[in-house]
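Colleague: Below: sequence and its predicted model.
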Amino acid sequence: MNRRGNILKLAVSASLVAVALMWNPVAQARAGVAKPQELDLHLTESTYVPVKERDPFTKPGWSPVMVTANTGTNTVPVQRVPVIPPNTFRLQGILFDSASPAAIVNNELFMLNKTVTLKTALGPLAVKAVEITRDRVVLAVNGQKIELRLNGDVAPKARKE
């Protein structure tokens with residue numbers, strides 16, 4: 001018999017021994033195979049302490065601050081208010097006319113005091129242009145006022161209404 005045949009016989013017999021040991025506990029005991037360790041099914045409580053509290057039911061980017069309504073004796077939470085990042089809106093142009101000024105923000109036309117729904121990373125937002133001048137636009141979004149300037153600058157801080 002040639003060498004290749006011997007190697008093949010050896011491989012087949014090694015495979016048969018491995019299968020026999022795998023499925024036969026008596027063969028395992030005879031071969032001196034160690035018994036697998038028992039599984040420890042005892043669970044321990046986690047010691048993880050989060051850096052900040054998070055709500056799994058809230059979109060990322062929304063603040064934990066609640067808008068509240070005062071009912072006289074106690075304050076009732078109404079809704080969560082998103083934190084609007086300054087780069088959410090881009091002023092692309094102003095069509096100034098003293099009678100009916102308009103502005104183009106994020107490829108949408110804004111008329112004064114008309115609400116437009118914009119698709120953003122935070123989801124759809126209802127945005128209203130409350131002031132349009134020759135070089136700036138003030139938008140009202142979820143109780144915040146955001147000022148955009150024609151040269152591309154955003155006002156340093158969004159101010160609350």
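Modeller: Received, thanks. Numbers count the residues shown, from 1 in each chain.

Colleague: In three-state terms, label Asn87 for me.
Modeller: State at Asn87, reduced to three classes by DSSP: H, G, I helix; E, B strand; the rest coil: helix.

Colleague: For this protein, which segments are assigned as helices?
Modeller: Remark: helices assigned in the chain by DSSP state H are 3-23, 25-31.

Colleague: Show me where the chain has its strands.
Modeller: Listed in chain order, the strands of the chain (DSSP state E) span 62-70, 75-82, 91-95, 102-105, 108-111, 115-120, 123-132, 136-141, 144-149, 159-160.

Colleague: I'd like to check what contacts the third one. Which residues are they?
Modeller: By that I understand strand 91-95. With contact meaning CB atoms under 8 Å, 6 or more residues apart in numbering, strand 91-95 is reached by 101-107, 132-137, 148-150, 152. Every C-beta, even on glycine, is put in place using the N, C-alpha and C of the backbone.

Colleague: Quick check: Leu150 vs Thr115, distance?
Modeller: For Leu150, the distance to Thr115 equals 22 Å [CB to CB, to the nearest Å].

Colleague: Name the residue in those two with the higher neighbour count.
Modeller: Neighbours were tallied for Leu150 and for Thr115 using other CB atoms under 10 Å; the higher tally belongs to Leu150 (15 against 11).

Colleague: And for the more buried one, nearest residue in space, chain neighbours not counted?
Modeller: Asp135 (4.6 Å; CB to CB, 6 or more residues apart in numbering).

Colleague: residues near the one you found, how many?
Modeller: 12.

Colleague: do the same with Thr88
Modeller: Thr88, neighbours per other CB under 10 Å, totals 21.

Colleague: Quick one: residues contacting it.
Modeller: Counting by CB under 8 Å, 6+ apart, the residues that Thr88 touches are Thr120, Ala121, Leu122, Leu125.

Colleague: Also Val141?
Modeller: Contact partners of Val141, counting by CB under 8 Å, 6+ apart, are Ile84, Leu125, Ala126, Val127, Lys128.

Colleague: So for Ala31, what's the pLDDT?
Modeller: pLDDT for Ala31: 64.
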